[in-house]
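Colleague: here's a sequence, model it:
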Amino acid sequence: MKITTFETWWISRDKCLFDKKRQGGASMNWDVLAIRISTDTGHQGIATCLAARSGAVSEAYLYDNIAPVIMGRDPHDREAIWHELWNIDRHLTFFPVYLPGPIDVALWDLCAKEAGLPLYQYIGAYRKKLPVYASGNFHAAVEEYVEEALHYKALGIPGYKAHPAGPAAFDMEVHKALREAVGPSYVLMSDPVAEYTMGDAVAVGRQLEQLGYKWLEEPFRDFELYKYTELCRTLDIPVAATETTRGAHWGVAQAIAQRSADIVRADVSWKDGVTGTLKIAHLAEAFGINCEIHTTTMNYMDLVNLHVSCAIRNCEYFEYFVPEENYQLPMKGKLPIENGIITVPDLPGVGADLDWELIEKSCRSYQKMELE
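Modeller: This is a model prediction of the structure:
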């Protein structure tokens, strides 16, 4: 079996899902690329790729630097391909953090389909379901966080993670209001995606400890390891980090070695696919640390996250980015959540379809490379 065709569809959304503060002066249409890899045996692998800032950048990297590596290769050679792409990255390519993970996902999907197995079983199953927490976006007012948390609590979702928009004083208002609204036993987390000072981070962390929050996530940039080490040493509440750390398991290893994370983060989009995410999860497990899988902001890829989460032990929750309709494109159907629990599909591969009719209607650019 060898790869003979590589296709992409650049799907236009024309809707920014971040506020002006995080969008900045550049465009942010939150577009997506659909990727399909086909072989001479008729098997296909599917993935989606982030193109929020520039679909042209994602498209160019795929055709200039990634597709030529996999054409003519056996898709079972995932590990060799994974390392070759890292070699290319180091030697003056410097891929965005969300590439080349989708290619690895498409290869795993293809091979699991060929084997006739759901992806999580193809990897090696540990379980079939996980509890869900709703993960909201940034809001301007405290009341919006409260309304969102109560909405998903009423739907049976057993936890909520706030992304308070800063500064720290506002974030602390959000934390207090949420706990008062949802009650003492409801699972809450905070992810300010912040640039806190050390003093701010300690004050926020102490408040979260008193309020019974599950963890504090990303109070600093991921590369500020010294600050993370000091914070982990100071606080009792677990500190989650490494969401955007480059270098897959090599990068996360530095955070673990310096004791700068109590919980590490990974996902199949930002951490080099299924292969990279598994390396991180297994590394963390060896140190007794949970690897809480992070949303990709794309429902199809989040289903891949679910397969990985069901093939490892050291992940407690599924991150459900809400409202779901913002992140559904281009997957067909919704995530399989019922009564606050998400169950992994039992169909071969990822077990989901893309909405090809919608893709054709919203396609801004289609490209194809075929084996000569």
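Colleague: starting at the chain centroid, how far to the helix or strand containing Q367?
Modeller: Taking DSSP states H and E as the definition, Q367 sits inside strand 363-370. With CA atoms, centre = their mean, to the nearest Å as the basis, strand 363-370 stands 25 Å off its chain's centre.
Colleague: strand partners (parallel or antiparallel) of that strand?
Modeller: strand 3-11 (antiparallel) (DSSP bridges).
Colleague: put the alpha carbons of the helix or strand just after the partner strand into CSV.
Modeller: Of the helices and strands lying after strand 3-11 in sequence (DSSP H and E), the nearest is helix 20-23. The C-alpha trace of helix 20-23 is given here as CSV (Å, rounded to 0.1, in the frame of the first residue of the first chain):
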residue,chain,number,x,y,z
LYS,A,20,-10.8,42.3,19.3
LYS,A,21,-8.2,42.1,22.0
ARG,A,22,-7.0,38.7,20.9
GLN,A,23,-7.6,39.2,17.2
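Colleague: before we move on, the earlier item: give me the contacts around the strand holding Q367.
Modeller: 4-12, 31, 55, 59, 63, 67-68, 71 (CB atoms under 8 Å, 6 or more residues apart in numbering). Every residue, glycine included, has its C-beta placed from N, CA and C.
Colleague: okay, buried residues for it please.
Modeller: Buried residues in strand 363-370, defined by neighbour count with 16 or more other CB atoms under 10 Å: 363-364, 369.
Colleague: do stretch 339-354 as well
Modeller: Of all the residues in stretch 339-354, those buried under the rule 16+ other CB under 10 Å are 340-342, 344-345, 348-352, 354.
Colleague: could you do stretch 204-214 as well?
Modeller: For stretch 204-214, the neighbour count (16+ other CB under 10 Å) marks 204-205, 207-208, 211, 213-214 as buried.
Colleague: tabulate the buried residues of strand 363-370 (CSV), appending pLDDT and distance to K20.
Modeller: As requested, those are exported to CSV (pLDDT from 0 to 100; distance: CB to CB, whole Å):
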residue, pLDDT, distance to K20
C363, 96, 28
R364, 95, 24
M369, 98, 38
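Colleague: show the pLDDT at F18.
Modeller: We have a pLDDT of 84 for F18.
Colleague: and the next helix or strand past the worst-scoring helix or strand of the chain on mean pLDDT?
Modeller: Sorting the helices and strands of the chain by mean pLDDT, DSSP states H and E puts helix 20-23 at the bottom, at a mean of 84. Tracing the chain past helix 20-23, the next element assigned as helix or strand by DSSP H and E is strand 31-39.
Colleague: angle of that next one against strand 363-370?
Modeller: Going by axes from the mean of the first three to the mean of the last three CA atoms, to 10 degrees, strand 31-39 is angled at 20 degrees with respect to strand 363-370.
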